[in-house]
Every structure is written in structure tokens, then in C-alpha cells.
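Engineer: structure, please.
(one chain, ligands or ions: 1)
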Amino acid sequence: MVDIRKNFWDDVTVNFEDAVEMAESFASLKQQAEVLSERERTHRHAAQQLKTLRKLKSSPYFGRIDFLEDGESSADEVYLGISSLRDRADEHYLIYDWRAPIASLYYDYPPGPAQLQTPAGLIRGDLQLKRQFVIRDGEIVSLFDTGVTIGDELLQEVLGRQSDAQMRSIVGTIQREQNRIIRNERSRLLLVQGAAGSGKTSAALQRVAYLLYRFRGTLNADQIVLFSPNPMFNSYVSTVLPELGEENMQQTTFQDYLAARLGHSFKLENPYAQLEYALRAEKEPGYEARMAGIRYKATMGFVRLIDGYLGVLGGAGIIFRDVRFKEEVLATGEEIGAHFYGLDRSIAVPNRMRLTAEWLLGLLKTRQRAALKEDWVDQAIDLLDKETYLRAYQTLRRQNRKLKDESFDDFDRERELLGQYVVMEAVKPVRSRIKKLTFVDVRSTFLRLFLNSEIAAHAAAHAGIELPESWEPICKDTIDRLLLKKMAYEDATPFLYVVERIRGFQTNTSVRHVLIDEAQDYTAFQFAYLQRLFPFSRITALGDLNQSIQAHADAGESTGFTALAALYEASDTETIVLKQSYRSTRPIVEFTSMLIAGGEEIQPFNRDGLKPKLMVAEDRDALYKMIRAKLTLLATQGNRTIAVICKTAAQSLVVHEALLGVGPIRLVESETSTFEPGIVVIPSYLAKGVEFDAVLVYDASGSPTGYGQESDRRLFYTVCTRAMHELYLYALGSAGPFLQGPIEAYYESAEESADLQTN
Ligand SMILES: Nc1ncnc2c1ncn2[C@@H]1O[C@H](COP(=O)(O)OP(=O)(O)OP(=O)(O)O)[C@@H](O)[C@H]1O
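Structural biologist: Down below sits the predicted model:
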């Protein structure tokens, strides 16, 4: 590879003398580049393999099963590791990859009767041994023979460790239910509803590794996309796949996706700004209307209304802009509308758009011809500078072979050709705008639904639904913002959906698998949009309804998961529920389960720890003093990741400022893109999906800056479930409503003086 790079230019022939030579140079360059990229691919693959082999050298396997197939006399001993390894003769497997079919036995069955589905059919037999190993630096540190679940002891050990700011791979201890997620191949839509800390994200990443193994050769990492909740989360999970010897899938956030599609024509609000708005203690004027809008626009009802509107638009109502050439109208908006609506209605809207564009291009062509004789062309020729003149000559020569023999000697001929050039250049941007269908005024068309109550009623009737009670204030709120070219987060997806349904969706056909983490925070609309963007993809959506914290979270049943399921056939869908929670100690899970309805279903993993502790102080200074002392203590006790989780970004800023001086404390903001060990102050919604050794909640009172409203409940639950080993709740004045009642038995209260609580 290095060699090819060094000698790259020696091995290609480059000659720009004429078009033929240029084409040859191009072909030669292209060929050389292909050879190089092939070599680079091989090199990447080999480097990856080497890395895996090095890992195998220090820890070759983590499990062994002895499986006696029915009808056989001796059991097979199967060792499992992060990759397969064959003997020198390349004949027998010494170690099987954890993703090989046979490894399923290890994850799915306790010792005893077991069966395995293979391409050749079902194999039955007896699992005689299931053993687990911890091997470090080539030495067996410990081994366990395991029973029903995979290695309680090992899980204890793994889960009890301090976190290191990076998600870990869980290959050695994947549980049966998680294995069902990882190996699912059948469903087009795989829905995973799992309690906080039940391993949804872990399973999702292992699933990617599995798919890359299972479909090696036909599926590569670029064809898998993970939608994550924020940029920091990307960094948090980025080491899992490389650790397993695989390349990372594409990672993005929904926000990035929207921003890329929307372009620069609007100022797009981000979901955190929307959430900050919703959580702000002092409500701004218009708050109720905006919140009603946020909730309604998240529902399936709104998807239907927009679909109804699109149906109406098929017959009338799309607003078109004039198309101009040199300040002169080529076709007015009305004329374009008349042409569009004159086309056969049975043709889909995007196809009619394309036909309309072709018609406009035809008009432009006629206009182009006529323009050759106009005065402005002469003037433009006179103004051509030397460089442009030469460029014109070259271009004309390329386009017009005959010119090869002609020259610009003849004055008239030269004027004529330069005229052609000048007109062509003037036409170019118009042609490109027509091709991009900018003659459709999508913003006005979208706005019209909110501006014109008759049209809205018509759209609702078309969809067979009723407009919501608060439709009028919602409209006013929406219009005010859109007229200022501000795109609220709740409007962005519906707007893009309308745009793409009118202009035609630019679908992504190469992506095969889309994984959506924290899926409970997506609206019905966002799912509908994603489904259209990735029409050939399988979707894995992982979420926890108890952690719905977006501003639209109270919109009810018809959002999120339920809506997503409705987009697919029941026979294409599978739902897996994870109830066991692994992240936190038993006392923490018992406490957090009391915060939500149905919490009794969550099963804690049996890991000991301290009960969560509540500390109350009368004033802020006392509270900060306690927190500072606790942070110092936790850091000296060896906790590697410690978070003070605040409700909002505004609060985080203040708290961070107040805590400075304890040591290095990092403030996490929405743009923060790396997750690092140490002490952080972080707003609640950015702590989603990640975990910390110790969590300090600020502030657990029921005040407006704390968690007092019913709508704060899930946010409070999400925040508390970020703790792996220790959880501390700090309240200003008194404990909030969620901490009162039977839950009091699940935490300790320490209302003594600040000095005492620090010890
Ligand atoms: N089978 C397992 N073996 C070892 N560790 C596990 C296993 N399953 C989950 N864990 C650990 O439990 C913790 C929580 O996992 P993860 O973050 O995947 O859960 P989650 O369901 O996505 O959580 P949340 O919804 O709260 O963000 C992680 O530290 C993960 O490593």
C-alpha cells in the first residue's frame, strides 16, 4: 500500500493536451486509485484481524459448553471467544466466535436438554457443561460452572466495577432475553421496551456486531445507522464495536439529520432548546399554546391531519412561485399551478412535479433560443474578461467538435458562439432551480394549513378526524414563528415530511438496518418520516416509556412506540420486553422502581449497595457545601465517574459555577461531544442513556426548579436511574412529592447539619 502511494504518479500517464488524452489520463488515474483503495481495504481488514488476534492472545475465550448431540457417543467441547480461531492446519475450530450459531446454546440454555436451529435442521441434545472463564494476560483468573443464568458471579463482578466512561461489550454475559434481540433476523421492526439499565443499548451494539458477522460479505458497517440521543452518547458507545473487532456503524442524531435535510433556509431549534423551554420555571407568554402544539404535533392524529392535507393538495392548494429568467417572468405561479393541476390526477404528486419541471425546462429552452438575439447578450459579450473569454472558447470547443478546425477568426461566428455561451451561463442557475423544484413554495404551502381554517377543516375531514380543541392557539403560535423563518423542533419533521411528500422523498436505499436508541422520545411523525427515509431498512427501536422526557411526553398513547408499531404489519413486528435491570445496585433499583407506575415489574439484579440518601438544606449555600464535601469524598473513594445531574442547562451553569474549586469539574452542554471520566455537572436530558458510578441529584425538592409537577416524574426517574453504585438526592427546603409516602422506606434521610452529612 505504501509502495503504491509512493509511486502513484509514476504509474499513471497524465496528459491534458486534448479531450482524448484527458479521458485516458482520467481512466488511468481511476484505475490506479482503485488498485490503491483495494489494497487499503485489505490492509484495514488485516490490521483489524491482527488486533483481534492480539486480544485473543491475552484472553482467548470466555466460555465453554459441552454438548452431547442426540445419537452421538461423546460430547463436543466448544470454546467461545470474541472471534473464531482454527488450528494450524486450518481444519478444526479451537475457538468459536460468540456469534456462531452454536454459541446460542451457551446464551439460551442452562445445563440440561437443549436444542439448536441450524441450516440443516433442528439439533437436539444435552448441554452437559456450561463454564465461564475470566482470562487476563493469558492466565485464567477465575472460572465458574454456571446454572440457570449466565454467571451470576461473573455478572456480579462485571457490574460491580467502576465505570470508565466507555460502554463495555457484554459478550461474556449476554442474557437470554438480550440474545433474542441480538440475533433477531426475522422482523422488519423489532421493538424493545426495557427498564432503565436493562441493557437495551448494550444489546443494540452487540446486535450490530452480530449482523456484521452473520451477513459478512453482503453487509458492511456503512449500511447500518444508529440514531443516538446526543453527540456525547456517540463517544460513549464508540469503543464497543472496535473492541469486538468490528468497524463502527454510522452514528447520527435525529437533529443532525433534520438539519442536513432542512439546509440553511431556516433557523432550526434543537430538541434541548425545546426541552429547556418546556422545563423553564418562569413560563413565557404563549407557553400554553406552544406546549399544546408540541403535544398535538407529536400525535398520530397530526400525522393523519397532514396526510389529509396532502390528500387535499393533490387536488388543489399547492402554492407555486413565479419562475424568472433575467428578471422577466417565464411562468407565473398561477400558470405553473394551472399546468400542475391540469395533469392527470391519478399521477402521484411528486411525479406530476417532475412533469411540471420538464414543462418549465421546455419553456426555458424556447426562451434561451430567443435570448440569443437580445441586446443584453451583446453587452455581456463586451464585458467578458480575458479569462472568461478563454473559458468560453474552451467550453465551446468541447461542446462543438467542429470548432476544432475552426477558429474565432470570423467576427460574426465568434459573436454568435460567445452569445451562445453567455446565454447558456445565464440559463444554468434557472435550470438548476427548476430541477430542484424550487418553484414550489413549500413554506407557504405548509403555512396555509395553519393560516386558513377552512383548509384545515377540509384536511381533517379528508382524514376522517377532528381538529383538536386548541387548534386556534396552536395555529397562531406556529404562524408567528414560521413567518420569522424560525423552525421549532416540533415543526421541523412535519414540515420536511410535507416537503418530501410533495417533491418526492430522497430515500436512502443502501442502509439495511436502522437502530434507534431512546426511541420513546421520538414522535409519531418522526417515525413516519424515518420509515419513508429508509424504505428498505429493518428497524430496531429500543426505549423505555418510563423515561419519556421530551416536551411532548404527555401527548399520550398515540405517540412514539405505539405509532411506530402501527406503521408496520403485525406479522413483521416483534416486541421484546426486558424487565431485569443490571446497571444499578439492588437498593437503587428498589428505590427507583417506586417512582413509576408498574415499577414492581422491574427486577433488580442482586447486587448489594447503599440505600440512596436524601439530604435537605435550608439554603443554597448549605446545599453546595454538602455537595462539595460529598464530591471530594466520592473522588477519594475511587469513583471514576461522578455526576451532579441538574434539571436544566441553565441550572447546570449556576451549579457548576458554585462548585468550582472542588477540583476539575466539567460542565456538559448540548454540544459536548466526548464522555470523559471525572466529575461532571450535566443537565438531566443529556444524562440520558449514559451512567455514572455515583449520581448527585440537584435538586430533589418540589420547587419549580426541582421535581414537583407530575410531568417531572419521568425526568426524575431517568435522572435517578443513571446511578450504578451510589445515589444522593439534594433538596432545597424540603423533599419533593415523589419522595413522600411508601417510598420513604427505600431511602435514608439525613437532615442533620451540613457538617454531619458529609461524614
Ligand atoms: N448481560 C449483561 N452483562 C453485563 N453487563 C450488562 C448486561 N446487560 C447490561 N449490562 C450493563 O448494564 C448497564 C446498563 O446497560 P445499558 O446502558 O445497555 O441499558 P439501557 O437499557 O440502554 O439503559 P437506559 O435505558 O437506562 O439508558 C451497562 O453498564 C451494561 O454494561
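Engineer: for the rest of this, base every contact and every neighbour count on C-alpha atoms.
Structural biologist: OK.
Engineer: give me the number of residues near Phe215?
Structural biologist: Residues lying near Phe215 (other Cα atoms under 10 Å) number 10.
Engineer: part of a strand, is Thr575?
Structural biologist: Yes. Assigned with DSSP: H, G, I helix; E, B strand; the rest coil, Thr575 falls within a strand.
Engineer: can you show me the strands along the stretch 351-500 of the chain?
Structural biologist: Taking DSSP state E, counting those that start in this stretch as the criterion, the stretch 351-500 of the chain carries its strands at 486-487.
Engineer: mind telling me which residue of it is nearest the ligand?
Structural biologist: Relative to the ligand, the nearest point of the stretch 351-500 of the chain is Tyr489 (22.8 Å; Cα to the nearest ligand atom).
Engineer: list phi and psi for the residue nearest to that residue when sequence neighbours are not counted.
Structural biologist: Distances taken as Cα to Cα, 6 or more residues apart in numbering place Glu269 nearest to Tyr489, at 5.2 Å, with adjacent residues excluded. Dihedral pair for Glu269: phi -80, psi 150, per degrees, to the nearest 10.
Engineer: so what's Glu269 up against?
Structural biologist: Residues near Glu269 by Cα atoms under 8 Å, 6 or more residues apart in numbering: Lys486, Met487, Ala488, Tyr489.
Engineer: again with Asp137
Structural biologist: Asp137 sits next to Lys57, Ser58, Ser59 when contact means Cα under 8 Å, 6+ apart.
Engineer: do Pro285 as well
Structural biologist: By Cα under 8 Å, 6+ apart, Pro285 has no neighbours at all.
Engineer: name the SS class of Leu219, please.
Structural biologist: Leu219 - assigned by three-state DSSP - is coil.
Engineer: per-residue pLDDT, it?
Structural biologist: Predicted confidence (pLDDT) for Leu219: 92.
Engineer: okay, domains of the protein per the record?
Structural biologist: The record's domain split for the chain, according to automatic domain parsing, is 2-55, 59-148, 323-435, 608-757.
Engineer: distance from the last one to the middle of the chain?
Structural biologist: Centre-to-centre, domain 608-757 and its host chain are 27 Å apart (Cα atoms, centre = their mean, to the nearest Å).
Engineer: is any residue of it near the ligand?
Structural biologist: Yes. Domain 608-757 reaches the ligand (Cα under 6 Å from any ligand atom) through Lys688, Gly689, Val690.
Engineer: next, count neighbours for the second one.
Structural biologist: What that stands for is Gly689. As a burial measure, Gly689 scores 22 neighbours (other Cα under 10 Å).
Engineer: touching, Lys647 and Gly708? I think so.
Structural biologist: No. The pair Lys647 / Gly708 is not scored as a contact, 11.5 Å apart, by Cα atoms under 8 Å.
Engineer: neighbour count: the two, which is higher?
Structural biologist: Between Lys647 and Gly708, counted using other Cα under 10 Å, the more crowded position is Lys647 (27 against 18).
Engineer: so who does the residue lying closest to the more buried one once chain neighbours are set aside touch?
Structural biologist: Closest residue to Lys647 apart from its sequence neighbours, by Cα to Cα, 6+ apart: Ser684 at 5.0 Å. By Cα under 8 Å, 6+ apart, Ser684 lies in contact with Ile645, Cys646, Lys647, Thr648, Leu715, Thr718, Val719.
Engineer: re the thing from before, return the most buried member of the domains of the chain.
Structural biologist: Most buried of the domains of the chain by mean neighbour count (mean count of other Cα atoms under 10 Å) is domain 608-757; its value is a mean of 20.
Engineer: average pLDDT across it?
Structural biologist: The model assigns domain 608-757 a mean pLDDT of 89.
Engineer: please tell me how far stretch 303-319 is from the chain's geometric centre.
Structural biologist: Between the centre of stretch 303-319 and the centre of its chain there are 29 Å (Cα atoms, centre = their mean).
Engineer: buried ones in it?
Structural biologist: 303-310, 312-314, 317-319 (16 or more other Cα atoms under 10 Å).
Engineer: from the residues you listed, which land in helices?
Structural biologist: Among the buried residues of stretch 303-319, the members falling in helices (DSSP state H) are Val303, Arg304, Leu305, Ile306, Asp307, Gly308, Tyr309, Leu310, Val312, Leu313, Gly314.
Engineer: give me the neighbour count for the residue of the stretch 351-500 of the chain closest to the ligand.
Structural biologist: If you count neighbours by other Cα under 10 Å, Tyr489 ends up with 19.
Engineer: secondary structure element holding the closest residue to the ligand within the stretch 651-759 of the chain?
Structural biologist: As assessed by Cα to the nearest ligand atom, the ligand sits closest to Gly689 within the stretch 651-759 of the chain, at 3.4 Å. Following DSSP states H and E, there is no helix or strand that holds Gly689.
Engineer: quick one: it and Phe233 touch, right?
Structural biologist: Yes. Using Cα under 8 Å, Gly689 is in contact with Phe233, at 7.2 Å.
Engineer: contacts only, for Leu205.
Structural biologist: Leu205 makes contacts with Val240, Leu241, as judged by Cα under 8 Å, 6+ apart.
Engineer: what about it, which SS state?
Structural biologist: Secondary structure for Leu205, judged by three-state DSSP, is helix.
Engineer: of all the buried residues of stretch 303-319, which comes closest to Arg99?
Structural biologist: Of all the buried residues of stretch 303-319, Arg99 sits closest to Val303, with 39.8 Å by Cα to Cα.
Engineer: which other helices and strands contact the host helix or strand of Arg714?
Structural biologist: Using DSSP H and E, Arg714 sits in helix 713-720. Here helix 713-720 touches strand 692-698, going by 3 or more Cα pairs under 8 Å, 6 or more residues apart in numbering; DSSP states H and E.
Engineer: rewinding a little: which among the domains of the chain is found nearest to Ala260?
Structural biologist: Closest to Ala260 of the domains of the chain, according to Cα to Cα: domain 608-757, at 16.5 Å.
Engineer: please tell me how far Asn508 sits from Asp307.
Structural biologist: For Asn508, the distance to Asp307 (Cα to Cα, to the nearest Å) stands at 22 Å.
Engineer: rewinding a little: would you reformat the buried residues of stretch 303-319 as a markdown table and include distance to Ala27 and pLDDT?
Structural biologist: Below are those laid out as a markdown table (distance: Cα to Cα, whole Å; pLDDT from 0 to 100):
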| residue | distance to Ala27 | pLDDT |
| --- | --- | --- |
| Val303 | 50 | 90 |
| Arg304 | 52 | 91 |
| Leu305 | 53 | 94 |
| Ile306 | 49 | 94 |
| Asp307 | 49 | 93 |
| Gly308 | 52 | 95 |
| Tyr309 | 51 | 95 |
| Leu310 | 47 | 94 |
| Val312 | 51 | 93 |
| Leu313 | 48 | 93 |
| Gly314 | 47 | 92 |
| Gly317 | 50 | 90 |
| Ile318 | 47 | 94 |
| Ile319 | 47 | 95 |
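Engineer: can you list those residues in TSV and add distance to the ligand?
Structural biologist: Output for the buried residues of stretch 303-319, formatted as TSV (distance: Cα to the nearest ligand atom, whole Å):
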residue	distance to the ligand
Val303	27
Arg304	30
Leu305	32
Ile306	32
Asp307	32
Gly308	35
Tyr309	36
Leu310	36
Val312	41
Leu313	41
Gly314	42
Gly317	44
Ile318	43
Ile319	44
